[in-house]
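**Student:** need the 3D shape of this:
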Amino acid sequence: MNKRTWLNIYVVITALAGVIALSGCFAGSDEESRSDGKARQASGHEGMNHGADAAVSGLIEDTNGRLTGAIEVLDGSNATLTAQASELEIAPGKKLPVWTFNNSVPGPQIRAQVGETIKVTLKNELEEPVSIHWHGYPVPNDMDGIPGVTQDAVLPGKSFTYEFKATIPGTYWYHSHQDSVNQVDKGLYGSLVVEDRNDKAERDYTLVLDEWMNMEMSHSMDATDSMDGEMKGMEHREKEQQGDGHDTHGAAASSDASSVQPMAGHDMSMYDMYTINGKMGDAIQPLKVKKGEKVRLRFVNAGFLSHQIHIHGHEFKVVASDGQPINSPALIQNQLLSIAPGERYDVEFIADNPGKWLIEEHGSEQRMKQMRTFIEYEGETAAASKDVSDSSVMHPTLDLAKYGEMANAKFSLNEAYDQDVKMDLNTEVRAGKTVYTINGKVFPDTDKIKVNKGERVKVTFVNQSKSEDHPMHLHGHFFQVLSKNGKPIAGAPIMKDTLNVNPGETIVVAFEADNPGDWMFHCHDLHHAADGMVTDVHYLDYKKSYVPDPTVNNIPE
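**Tutor:** So this is what the prediction gives:
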């Protein structure tokens with residue numbers, strides 16, 4: 001059997017099993033994937049402070065009226081997000097069928113100030129149910145957007161309004177949590193920024209990182225190929241379902257593929273195109289600055305892989321992680337930011353080195369070279385060509401555990417906790433299918449963390465997987481990182497909602513049960529969540545009125 005035939009069989013098996021949710025590769029016909037509206041393509045956003053003088057980039061249409069060059073910014077006090085199918089041009093001539101909010105990938109940035117009420121109406125014009133989860137934000141439980149847990153997914157043709165108070169400033173993001181391994185992969189996400197009135201920057205850019213799969217592989221089938229009939233009409237969103245309604249996403253999902261032994265883990269090399277704000281490589285807009293300006297960069301990882309980001313030519317401070325400020329951050333230079341799935345990092349620097357300077361991913365793989373843009377000084381063309389890529393050089397990675405200065409913290413290692421929870425995270429193969437376990441169990445059979453309001457809970461993560469990271473995300477709460485591999489945190493207190501646990505690592509965190517409800521606690525490599533690495537924080541004293549509608553295909557992972 002030749003190499004091409006093996007490739008075709010692999011593509012078919014992967015699609016049938018739903019092992020890898022691949023950016024709408026089987027998202028239906030061209031007619032289904034297009035929208036009559038204008039597709040807005042994001043490529044950089046100049047700052048928007050409601051009361052500040054920061055410049056806001058305009059929407060720039062190309063000749064066919066479909067694509068633009070900036071992220072749309074919506075006032076969070078009254079915004080509408082419409083879920084619809086469209087098309088994403090990640091590079092000239094390279095288009096992918098996607099699902100979008102307001103014909104844009106990323107979707108519009110929702111902006112609000114502390115003290116305001118955020119009100120966002122989701123309208124669903126897709127053919128499948130969707131929802132919105134406000135990643136990292138401590139919303140009331142009924143606004144968390146988890147189908148079957150806090151609400152029913154919003155059906156095609158229907159709408160739902162999310163409303164909550166903007167209480168904590170910072171950089172957050174939103175995404176669908178209905179069948180999220182597929183819907184986020186297709187593009188249903190955007191950024192949420194809650195502004196601190198006292199925090200000003202002349203330039204404020206959001207850079208959303210993601211990965212996609214090259215469409216050419218899915219079009220590699222010959223019309224005469226014996227597998228061609230099985231490929232026709234197959235859509236990425238059509239998956240075999242278990243009897244309990246949970247998506248299997250594994251190689252044993254269909255009877256045709258059940259005899260195939262899967263790899264122990266997902267082959268993430270299939271994601272071969274990296275983007276910033278929906279653009280790739282030279283198509284990414286540069287970030288314009290003027291000498292002397294204070295510049296804020298908000299990095300959001302909406303993908304399923306970690307990215308090592310290098311900011312050239314400037315000393316900078318990491319002022320926040322997951323929206324939470326870092327005490328007394330030091331100026332650093334030529335250190336990489338390792339940004340895991342779901343994480344956010346806010347960086348500030350003074351534009352004091354005129355020229356044209358790279359922001360780029362570091363690593364040896366070719367796909368990593370696509371995740372790059374430039375800091376460009378306006379009116380400084382003479383020095384525009386002096387910077388060159390050093391992406392193959394692995395500079396030191398910033399260690400948050402040693403960054404900033406110690407301060408009074410909410411939790412400590414030595415105090416008594418109401419609960420001490422251990423989470424052994426692992427990759428296993430069961431009945432020919434790769435699953436991701438917490439203490440040897442897969443969702444929905446994992447053990448819930450049952451709490452009463454006010455309890456203080458310590459959680460110890462142990463990553464037993466041999467080669468896979470597990471970026472663990474807790475809904476509705478922030479947690480403090482206390483120790484890493486037995487060593488207490490030596491820098492500033494680290495407050496996060498998403499934490500990457502590398503293979504072999506043991507990390508201890510603590511949180512306070514201060515937001516009653518039922519909250520998911522899961523890996524934000526959403527392949528892992530879909531295949532079992534999910535549990536819940538369940539408040540014993542919380543009474544909810546929501547009852548899932550059995551006629552709605554709620555898929556919460």
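**Student:** burial count for Pro92?
**Tutor:** 11 (other Cβ atoms under 10 Å). Bear in mind the C-beta positions are built from the backbone N, C-alpha and C, glycine included.
**Student:** how near is it to Gln178?
**Tutor:** 33 Å (Cβ to Cβ, to the nearest Å).
**Student:** how about Phe478?
**Tutor:** With the distance defined as Cβ to Cβ, Phe478 ends up 25 Å from Gln178.
**Student:** higher neighbour count, those two?
**Tutor:** Gln178 (31 against 21).
**Student:** can you say which helix or strand has Ser338 in it?
**Tutor:** Here Ser338, judged by DSSP states H and E, is contained in strand 337-339.
**Student:** adjacent strands (with direction) for that strand?
**Tutor:** strand 307-311 (antiparallel) (DSSP bridges).
**Student:** which element follows the partner strand toward the C-terminus?
**Tutor:** strand 317-321.
**Student:** show me what that following strand is packed against.
**Tutor:** strand 344-350, strand 494-496 (3 or more Cβ pairs under 8 Å, 6 or more residues apart in numbering; DSSP states H and E).
**Student:** and those strands: which comes nearest Ser412?
**Tutor:** Comparison of the helices and strands packed on strand 317-321 against Ser412 by Cβ to Cβ identifies strand 494-496 as nearest, at 13.1 Å.
**Student:** please name the strands paired to the closest one in the sheet, noting orientation.
**Tutor:** strand 479-484 (antiparallel).
**Student:** relative to strand 317-321, how tilted is the partner strand?
**Tutor:** Per axes from the mean of the first three to the mean of the last three Cα atoms, to 10 degrees, the angle that strand 479-484 makes with strand 317-321 is 120 degrees.
**Student:** beyond strand 479-484, next helix or strand please.
**Tutor:** strand 487-488.
**Student:** which residues touch that following strand?
**Tutor:** For strand 487-488, the surrounding residues in contact (Cβ atoms under 8 Å, 6 or more residues apart in numbering) are 401, 413, 482.
**Student:** low-confidence bits of the stretch 251-400 of the chain, can you list those?
**Tutor:** 251-265, 381-386 (pLDDT under 70).
**Student:** which stretches of it form strands?
**Tutor:** For the stretch 251-400 of the chain, the strands defined by DSSP state E, counting those that start in this stretch occupy 273-276, 287-289, 294-301, 307-311, 317-321, 324-325, 337-339, 344-350, 356-361, 372-377.
**Student:** can I get those strands in JSON lines including mean neighbour count and distance to Ala153?
**Tutor:** Output for the strands of the stretch 251-400 of the chain, formatted as JSON lines (neighbours: other Cβ atoms under 10 Å; distance: least, Cβ to Cβ, whole Å):
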{"stretch": "strand 273-276", "mean neighbour count": "25", "distance to Ala153": "27"}
{"stretch": "strand 287-289", "mean neighbour count": "21", "distance to Ala153": "36"}
{"stretch": "strand 294-301", "mean neighbour count": "24", "distance to Ala153": "24"}
{"stretch": "strand 307-311", "mean neighbour count": "22", "distance to Ala153": "30"}
{"stretch": "strand 317-321", "mean neighbour count": "21", "distance to Ala153": "31"}
{"stretch": "strand 324-325", "mean neighbour count": "18", "distance to Ala153": "30"}
{"stretch": "strand 337-339", "mean neighbour count": "22", "distance to Ala153": "29"}
{"stretch": "strand 344-350", "mean neighbour count": "23", "distance to Ala153": "25"}
{"stretch": "strand 356-361", "mean neighbour count": "22", "distance to Ala153": "34"}
{"stretch": "strand 372-377", "mean neighbour count": "21", "distance to Ala153": "35"}
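**Student:** that'll do, ta.
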